[in-house]
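Trainee: got a structure for you, letters missing:
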Ligand SMILES: [Zn+2]
């Protein structure tokens, strides 16, 4: 299914729209500097519906993202399998009234980019400081950090004399 660029989320919720498809990672403008594999896609499955009188969005976003390791600058794989559970609100007060199982999505205009919802979820899934857990390059760099600091050596020498 071709996913729309702009949607009216409240209308989608009242009509029970179900958007399923793929979005290019290159559409994630806020993450563009961070993601290495911009040519890849994210799987999107978002159902807009109502829980009682509350318009909600549930589903998931899945992607295999490569971001830059903050230690060795090599690519780190981040498997994103993020469950989505959003309550659509038009004011902060409405957000406070949402059941706890929904994160508020504050709508500031009638139409929003579907990719923005997806990008918000990816941002939540990517660690703030991505690093390899076990990486040869990283480990070597860590050892370098552990090398004695020349000033400490100097102090030791001074202590001996
Ligand atoms: Zn690394």
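Mentor: Yep, that arrived. Quick caveat, the model's predicted, so the values are computed rather than measured.

Trainee: check contacts around residue 79.
Mentor: Applying Cβ atoms under 8 Å, 6 or more residues apart in numbering, we find residue 79 in contact with residue 64. Where you see a C-beta, it was placed from the backbone N, CA and C, and this is true even at glycine.

Trainee: what are the ranges of the helices in this protein?
Mentor: Listed in chain order, the helices of the chain (DSSP state H) span residues 9-15, 92-96, 114-125, 136-146, 150-160.

Trainee: flag the shaky bits of the protein, pLDDT-wise.
Mentor: Scanning the chain for pLDDT under 70 picks out 135-161.

Trainee: look up the closest residue to residue 36, ignoring the ones flanking it.
Mentor: Leaving out its chain neighbours, the residue that sits closest to residue 36 by Cβ to Cβ, 6 or more residues apart in numbering is residue 66, at 4.2 Å.

Trainee: is the one you found in contact with residue 31, as I believe?
Mentor: No: counting by Cβ atoms under 8 Å, residue 66 does not reach residue 31; the two are 11.4 Å apart.

Trainee: tally of neighbours for the residue nearest to residue 36?
Mentor: Number of residues near residue 66 (other Cβ atoms under 10 Å) recorded here: 18.

Trainee: so who does it touch?
Mentor: 35-37, 75-78.

Trainee: any idea what it is bridged to?
Mentor: As for beta bridges, residue 66 partners with residue 77 under DSSP bridges.

Trainee: can you tell me how far it sits from the ion?
Mentor: 12 Å (Cβ to the ion, to the nearest Å).

Trainee: same question, residue 111
Mentor: Look at residue 111 and the ion: by Cβ to the ion, they are 40 Å apart.
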